[in-house]
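> just the structure for this:
(2 chains)
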Amino acid sequence: MTGARKKRRIELADLMRMAAEPLVQRHAVRGLEKSDVPSLPLPVPLPQSVIDWLAQASLLYGVPFEYIVPDARMLPRESIRFFYMDVNWLQRMIEGAMSIGVSSSADSIQILTAIQEIVDRTLLSTPQVRARMRGKPLPAEAEQVGPITGFLLRSAAVSGWPGMEVTAYAGETTDSAVLQLLRLDRLSDTILIALFNGLPKRVDILQPPESLHFGIRPNGATFYSFLRGLGYGGHAPGLQIGSVEAPVSMRTDARYPGVVDITKTAASLKNALKTQNALDTAETFTSAEFAVQMVRAAGLQSFEWGVAPTAAQGGKSQ
Amino acid sequence: MSEQIPLATGDQIQPGEIRFSEAALMPLSAGTYRLSARQEVVLQQEDDTPTYLAQQQFVIDGPRFSLAPSDVQMVMPPSAQAGDWENWMPNIVLRRRIIPWVRTIDGSSRPPDAVSTPWIGLLVVTDTELGGAAGAIQAPSPVVTGTVADLLQTGKASIAGPQLANVSADEQKAPLLYLDLDAALFQGIAPTLTDLTFLAHVRDVNTDSKEILGLDEDGSFSVVVGNRTIQTSGREDVVNYCFLVSLEGHQNHLPGNAVPPGVKTFRFASLAWWKVQALPARGDFIEIMQDLPGLGGDALIGMPHAAIAGMDDNSRTAAAGLGMGYTPLTYRMRAGENVTAWYRGPIASVPTGNDGLGAFPSSDLAIRYDPKTALFDLSQAAAWQIGLLLGLSDSSFARQLFEWRRATHASVRNTVNLNALVQQLPETGVSYGKARAVSSASQGQRLARFAATTALSSALIGEGVEKRRPTDRLPKRVRREERTVEGTPGTGLAAQPAGGAASDSLDNLLDRVFGPMDIVE
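Coordinates of the predicted model:
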């Protein structure tokens, strides 16, 4: 082909590209709102099942793990990594999926004109994917799908406690709005992926709850117990008091390990509670108060943005 | 941190609340009592006042050497189950809440309203410590059937039973289960006298037919807690036995007192026992999670790298790329070279905005190249490609997409009209630069342009614009060498005069639409 014809063909392709409406710039942090989607109907509306399939793909279902994490050093053992979803990567993936069976430029033009609406509708349908997969009733159509964020957790905790529950909050306390969980899956025995609708300020990971039982918590070779309020001194009854840990004494006979020195432990718990002003005026500490402290409930670990780690707090993330 | 437990605060326990109390005391403790009554009768006519005496003996009895199986509500960890019980302290829940305070441990009478030391204790023993054939979960029972007489008079000097005073002959014939434990073992694991006061309490639960914390019982129960954690080992299952034994009469054998000379074994009345299988420890949830920042770290996703200190261009490029979550990988080009290229998956360490590039018709077009650094960026090309592969792998998605595409083409083809096309297409003769400016048209024009360009594409592939089924008239296939310049059949275009070199019909059409092109060689 002569250079002239080649140039003309290239220009024609560009012109075909320009035939599509230019895209409105969207601010990343604001996310996508339903009002942003243009209301011009396509000649034939895209079937909802196609949108559902694309929404599932945009939550990375079916994407090989090497595409998500190309190098194993990015997710070492016993680590957690938080991320934003790259909207352009998702858009390219949707374009690729829509491009199957393209046989002529007519098909390419059709994709060009319809692609932005398809991508917008797909993103707005992502909150319904999880409910549909679990057979639960679908939530109402979202008005806004914020920036999709999430984390990858690679840890022995994932294999040990497969029923972990994850909650993301928009603020720093548990009173703030809960962000919707778009996806929570184990990619392998030890890797967990979670995706949220919005930018969280606090993420709580909760051990699956078990029946009421008593126990102590290990810290290396020593043991400790958290303190629980009894309803005095401003501490809510049954609620853990901050992250105060009271040491638990064990008997030192090496032949019979694991025997708790109950009298000493009770004394140390009583002192710790007295320091926190959590006992009543008569400073009663009987088997009932002892039982309340020794109840071992499900463990909870929080991750907060921009908070420097304290002694026993959750971790910090940039 | 751990979850909150719903403790009751007021006098009444609301549904879904739980209350722990120190003890539930009976008005009278177990024992034999004599009730006597004296009555004086005053007679009107006589001087002496006869008195009448009546006496009644009665016995208050409570469980002493055995416990009915119906008295046990629940055990924790569950009996004969394998699980991860590391650092659990076992407990047994009894249906009657007075049982741990029904009698005193040393047989003395209890002052009213004082809480006596509980007379029962929960011992945890592993199978190896128990010795013998106790190693498997199916092992025969370690407790022996006998009578109370066997418990009190063991017949051997080296086995010491409880020192009890007031056991009647009838009582001595009652059957029970007893347990022999090595004296050193008992002194090593048993609770002391002061420990025992903390190890029994009363639990009131109002579940309102819902489960709270895994409890679905309602009412008042007494709970006895063990003082030793379930033993686990790193590698294999460990069978743990839990025995609820009567410590009445054994107050001098508890840890803190010396073992009587010549005694090697203690004998206890076993009230209840169960065994659990502890699987190799998988660690503590909180401990594992709290160790995360120290081990792998908690951070935004990205390739770990040494600090980049240089300020030259290369360092700055590397720092920018790595900081945004890109990873440098080897790109094996089709031409055979190996170069370095950036790649970033769908997860990034920075928020992203829509880049406004529109749909790419192929993945190669999405490869980006920065001439300043001579590095490619393959992220979006890889995304396009994996999207294509995912779509291909699902045949129902492919079919629906194809149906939609076909329906759209059909609907467009049926509604477009060649005369109307002329108004919609860009003006003929306009140069390329001007054509670029028509991009911000209204949405209606956008659709019309879509229709027009689709029709144009149809025209390019030789289909007529009139409503015609594709198989109506196949264009005659003419070999390229024999093609005349009359134009291909079916387009209805007049033949163009030959302009020197052989020009094909595509060029002719383009000339018509866009005006004669400046030839640039």
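> so what's residue 255 up against?
Defaulting to chain A. The contact partners of A:R255, taken as C-beta atoms under 8 Å, 6 or more residues apart in numbering or on different chains, are B:184, B:188. No exception for glycine: its C-beta is placed from N, CA and C like everyone else's.
> wait, chain B was what I had in mind.
Each residue near B:P255 by C-beta under 8 Å, 6+ apart is listed here: B:187-188, B:190-192.
> between those, which is closest to chain A?
Checking those against chain A by C-beta to the nearest C-beta gives B:G188 as the nearest, at 3.8 Å.
> surely that closest one meets A:V259?
Yes. With contact defined as C-beta atoms under 8 Å, B:G188 reaches A:V259; the gap is 6.9 Å.
> neighbour count winner among these two?
Neighbour count, other C-beta atoms under 10 Å in any protein chain shown: between B:G188 and A:V259, A:V259 has more, with 21 against 18.
> got phi/psi on that one?
When read as degrees, to the nearest 10, the backbone of A:V259 gives phi -90, psi 120.
> please work out which residue of the stretch 51-200 of chain A is closest to chain B.
With C-beta to the nearest C-beta, the shortest gap between the stretch 51-200 of chain A and chain B falls at A:S79, namely 2.4 Å.
> can you tell me how far that residue is from B:G345?
Relative to B:G345, A:S79 is positioned 16 Å away (C-beta to C-beta, to the nearest Å).
> would you quantify the distance from the closest residue to chain B within the stretch 101-250 of chain A to B:A30?
In the stretch 101-250 of chain A, the residue found nearest to chain B is A:S211; the distance is 2.7 Å by C-beta to the nearest C-beta. Taking C-beta to C-beta as the measure, A:S211 falls 32 Å from B:A30.
> what about stretch B:350-367, start to end distance?
Using C-alpha to C-alpha, to the nearest Å, the end-to-end distance of stretch B:350-367 comes out at 21 Å.
> which parts of that stretch are buried?
Judged by neighbour count (16 or more other C-beta atoms under 10 Å in any protein chain shown), stretch B:350-367 contains these buried residues: B:351-352, B:354, B:358-363, B:366-367.
> what's the answer for stretch A:83-103, then?
By 16+ other C-beta under 10 Å, the buried positions in stretch A:83-103 come out as A:83-100, A:102.
> stretch B:150-161 now?
Buried residues in stretch B:150-161, counted by 16+ other C-beta under 10 Å: B:150-152, B:154, B:160-161.
> walk me through the domains of chain A.
Domain assignment for chain A by automatic domain parsing gives A:12-133, A:146-209+A:301-310, A:213-297.
> what's the mean pLDDT across stretch A:245-257?
Mean pLDDT, computed over stretch A:245-257, is 90.
> what of stretch B:394-402?
Stretch B:394-402 comes out with an average pLDDT of 93.
> residue numbers of the stretch 51-200 of chain B in contact with chain A?
B:76-77, B:84, B:87-89, B:91, B:115, B:124, B:129, B:184-185, B:188-189, B:191-192, B:194-195, B:197-200 (C-beta under 8 Å from any C-beta of the partner chain).
> try 10 Å
B:74, B:76-78, B:83-91, B:93, B:100, B:115, B:118, B:124-126, B:129, B:184-200 (C-beta under 10 Å from any C-beta of the partner chain).
> so how do I select the buried members of those residues in PyMOL?
Of these, the buried ones can be selected in PyMOL as follows, counting by 16+ other C-beta under 10 Å:
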select buried, chain B and resi 74+76+77+84+85+86+87+88+89+90+91+93+100+115+118+124+125+126+129+185+186+187+188+189+190+191+192+193+195+196+197+198+199+200
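> how about A:A168: what's its closest non-neighbour residue?
Of all residues not flanking A:A168 in the chain, A:P200 sits nearest, at 3.8 Å (C-beta to C-beta, 6 or more residues apart in numbering or on different chains).
> count the neighbours of the one you found for me.
When neighbours are counted by other C-beta under 10 Å, A:P200 comes out with 24.
> residue contacts, it?
Counting by C-beta atoms under 10 Å, 6 or more residues apart in numbering or on different chains, A:P200 makes contact with A:82, A:149-151, A:167-171, A:176-179, A:303-305.
> filter the buried residues of stretch B:350-367 by proximity to chain A?
Answer for the buried residues of stretch B:350-367 near chain A (C-beta under 10 Å from any C-beta): B:351-352, B:354, B:358-363, B:366.
> just give me the least confident of those.
The member of those with the lowest pLDDT is B:G358, at 73.
> so it versus A:S108, what's the distance?
Using C-beta to C-beta, B:G358 is found at 11 Å from A:S108.
> show me the common contact partners of B:G188 and A:V259, please.
The contact sets of B:G188 and A:V259 overlap at A:251, A:253, B:228, B:255 (C-beta under 10 Å, 6+ apart).
> residue nearest the middle of the chain, spatially speaking?
No chain was given, so I picked chain A. Ranked by distance to the mean C-alpha position of chain A (C-alpha atoms, centre = their mean), the top residue is A:A194 at 4.0 Å.
> try chain B instead
B:F285 (11.0 Å).
> partner residues bridging A:F151?
A:F151 has these beta-bridge partners by DSSP bridges: A:F82, A:A194.
> which ones are touching it?
With contacts defined as C-beta under 10 Å, 6+ apart, A:F151 is in contact with A:80-83, A:166, A:168, A:192-196, A:200, A:203, A:205, A:303, A:317, B:298, B:300-301, B:347.
> same question, B:V144
Shown in contact with B:V144 (C-beta under 10 Å, 6+ apart): B:150, B:176-180, B:267, B:270.
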